[in-house]
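# quick one, structure for this:
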Amino acid sequence: MPYGLLAGNGRFPMLALESARRLGVEVVVIGIEEEAAEDVLTAVPRSFKVSLGALSKLIDICKAEGISQLMMCGQVKHTKIFSAIRPDWRLIKLLASLDSKNTDALIGGVAKVLKDEGIELVDSTLLLKELLAPAGVLTRRRPSSDESKELDYGRRIANSLAAFDIGQSVVISERACVALEAMEGTDAISAAGR
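Okay, the predicted model is just below:
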C-alpha cells in the first residue's frame, strides 16, 4: 500500500519524496492546489490536486488509491485557510464543530475525520528521520555563558508561544524578544530579526 503525501509549499514535500525514492517506498502525492509546487506533482507517477477546502475529495482520492496512511508535508499559509478557500460540506461540518480554529484544532479535527474514514494521519517526518537534528550542540564549539543565557531565554519564550498555538519561532537579542512568529510565517519573522 502506498503512503499518501499531502503536499503544501516549500522544500519539505520534495525532501520527503527524495527520501521515499531512496527507501523504495511508494508515495502518491496529493498537492494542495493553492500551495503545492508543480515539480512535486510531477515527481511521482501518481499525483492529484485538491483545493484546500476539499476535504471530501481528499478522502475520495485516498480511498481510490488505497491510501490508509497520509502525511502532511510542507507549509500551508494560515492566511489562505481563513480567506481564499471554499470549504466543502465535510469541512464546513468540521469547522462548525470546533471550539477554536487554531492550527492544533484544525489539524486535530482533520485527523479525526480522516481516522473515521480509515485514513491515519502519520508523522510528517516519517521518511526523513536521517535529516532531523540530534539533541545537543551541533557547532564546533559550545555556546558561551552569554549565548547559553540567550538560548535559555529564547527557549522559554518559544515554549510559552507554543502554548498559545500562534507560531513556532522567536528572535532574541540580548535577552529581549524582538520578534514572534504568527500567521505571517517563519520567513517574515526572519526579516524582522535582521
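
# can you give me the buried ones in stretch 169-184?
Ser169, Val170, Val171, Ile172, Cys177, Ala179, Leu180, Glu181 (16 or more other Cβ atoms under 10 Å). (C-beta placed from N, C-alpha, C; glycine too.)

# so which of these is the closest to Ile85?
Among the buried residues of stretch 169-184, Glu181 lies closest to Ile85 (Cβ to Cβ), at 21.9 Å.

# who's sitting farthest from the centroid in this protein?
Largest separation from the mean C-alpha position in the chain: Ser145, at 33.9 Å (Cα atoms, centre = their mean).

# how near is it to Asp88?
55 Å (Cβ to Cβ, to the nearest Å).

# torsion angles phi and psi at Leu70?
phi -130, psi 130 (degrees, to the nearest 10).

# scratch that, Tyr3
Dihedral angles (degrees, to the nearest 10) for Tyr3: phi -80, psi 150.

# ditto for the one 3 residues further on
Note on Leu6: its backbone torsions stand at phi -90, psi 110 [degrees, to the nearest 10].

# so what touches the helix or strand containing Ile61?
When elements are assigned from DSSP states H and E, Ile61 belongs to helix 55-65. Residues from elsewhere that reach helix 55-65, judged by Cβ atoms under 8 Å, 6 or more residues apart in numbering: 2, 4, 6, 28, 30, 46, 48, 50-51, 67-68, 70, 87-91, 94, 110, 113-114, 117-119.

# now do 10 Å
1-2, 4, 6, 28, 30, 32, 46-52, 54, 67-70, 87-95, 109-110, 113-114, 116-119 (Cβ atoms under 10 Å, 6 or more residues apart in numbering).

# among the residues you listed, name the buried ones.
Neighbour-count burial (16+ other Cβ under 10 Å) applied to the contacts of helix 55-65 gives 2, 4, 6, 28, 30, 32, 47-52, 54, 67-70, 87-88, 90-91, 94, 109-110, 113-114, 117, 119.
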